[in-house]
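Visitor: Model the following, please.
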Amino acid sequence: MSVLAQRMFREIDDWDEVEEHEFGTFGDIQVASDVTVSFAEFQSRLVSLGGKVGDLVTDFGLGILQSNRDRLLAHLVDIFRALLAAAVAADVSLDDAARHNLHKVFSRWPTDEVYASLLDDPMLKDERLPRRFIMFIEEHEVNGKIYVVQKCNEIIIGDRLTDNKTEKDDYRFHDVIHIAFAVFLGWSPVLRALFHVKRKSVPELDENQDGARAILIEEGVSSFIFRRGLDRSLFENIGVDYDLLKSIQEFVRGYEVERCALWQWEKAIEEGFRVFRDLKRDRRGYIHADLDAHTFGVQSSKQ
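Guide: Purely as a prediction, here's the structure:
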């Protein structure tokens, strides 16, 4: 990239006057301009960029580039020049774009998966999500209707759940997704309400992060994820698509969980559906959650 950037500003007579280890940034090659480019010129530069890329693809398809490194380099320099011209015309900072893309890439595929401290770490114990708990989930039939009941320490947690849908899809087990959110994101207004650990001592958090709207946001996210999971075999041997992760980020913008990286959401979804599939098969089980160790699993409890 450094050599390409240098040769953007070289001609035939000084083509080889470059340093292979002369590193820089996109900001070094793009100078701010106050000149307004007409829309027609902007279109022309975009067409030129597309044409340069097309030339590269054509030569690649013909196999020409495999034995001609100089031709490949010339194509890449032409594309780099056209890209810079188009970016200037569009008033787009290549430096900002590159940094944004790096952030996006490492948010999804980090070098090391490092969790930040849990969101409610500074709070009193009675206002923190429990760090370790076991939730027993099982089906019951009452008057011909199937319900799911959840118990923690032998106490029923929340309401009895049904699929709430004519077409049966086992949504009644979806609370495992909320547990996964707590384990891998450190966030779940739904569980915070169920466990009665809202952050009452900080009115702003209590109202804006733990209140009814935050609960609705989480329920909306879990419902959205569940719908996508039904379309993708409950994510069994199928990866979580980037469009879903990007949509979730937009969904939670303005809430404290927006700080969480894409890989955390991906792990929460994958692990949540792994446990959901086990419950779907066995119809009951003990859910083990550890928010400190970020571990999550189900122990079967067949009758």
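
Visitor: So for the top strand by length along the chain, mean pLDDT?
Guide: Using DSSP state E, we find that the single longest strand of the chain is strand 132-142. For strand 132-142, the mean pLDDT works out to 88.

Visitor: packing partners for that strand?
Guide: Judged by 3 or more Cβ pairs under 8 Å, 6 or more residues apart in numbering; DSSP states H and E, strand 132-142 is in contact with strand 145-152, helix 175-185, strand 284-290. (Glycine included, C-beta is placed from N, CA and C.)

Visitor: Wait, a strand at residue 52?
Guide: No: under DSSP: H, G, I helix; E, B strand; the rest coil, residue 52 sits outside any strand and is assigned helix.

Visitor: burial count for it?
Guide: Using other Cβ atoms under 10 Å, residue 52 is surrounded by 19 other residues.

Visitor: before we move on, what about residue 168?
Guide: Residue 168: 10 neighbours (other Cβ under 10 Å).

Visitor: which SS class is it?
Guide: Quick answer, by three-state DSSP: residue 168 is coil.

Visitor: What of residue 112?
Guide: Residue 112 is classified as coil under three-state DSSP.

Visitor: Look up the closest residue to residue 59, ignoring the ones flanking it.
Guide: Leaving aside its sequence neighbours, residue 59 sits nearest to residue 65 (Cβ to Cβ, 6 or more residues apart in numbering; 5.3 Å).

Visitor: Next up, the contacts around that neighbour.
Guide: Listed by Cβ atoms under 8 Å, 6 or more residues apart in numbering, the contact set of residue 65 reads 56, 59, 71, 72, 75.

Visitor: Please check those residues and keep the buried ones.
Guide: 56, 59, 72, 75 (16 or more other Cβ atoms under 10 Å).

Visitor: Which element, helix or strand, includes the first one?
Guide: Looking back up the chat, that one is residue 56. helix 39-61 (DSSP states H and E).

Visitor: Tell me the spacing between residue 130 and residue 188.
Guide: 11 Å (Cβ to Cβ, to the nearest Å).

Visitor: In contact with residue 29, which residues?
Guide: Applying Cβ under 8 Å, 6+ apart, the residues near residue 29 are 5, 8, 9, 84, 94.

Visitor: Pull the most distant pair out of the residues you listed.
Guide: 9 and 94 (14.9 Å; Cβ to Cβ).

Visitor: more crowded one of these two?
Guide: residue 94 (18 against 11).

Visitor: Please name the nearest non-neighbouring residue to that one.
Guide: The nearest residue in space to residue 94 (Cβ to Cβ, 6+ apart) is residue 26, at 3.9 Å.

Visitor: Wait, the one you found touches residue 101, no?
Guide: No: here residue 26 lies out of contact with residue 101, judged by Cβ atoms under 8 Å, at a distance of 10.7 Å.
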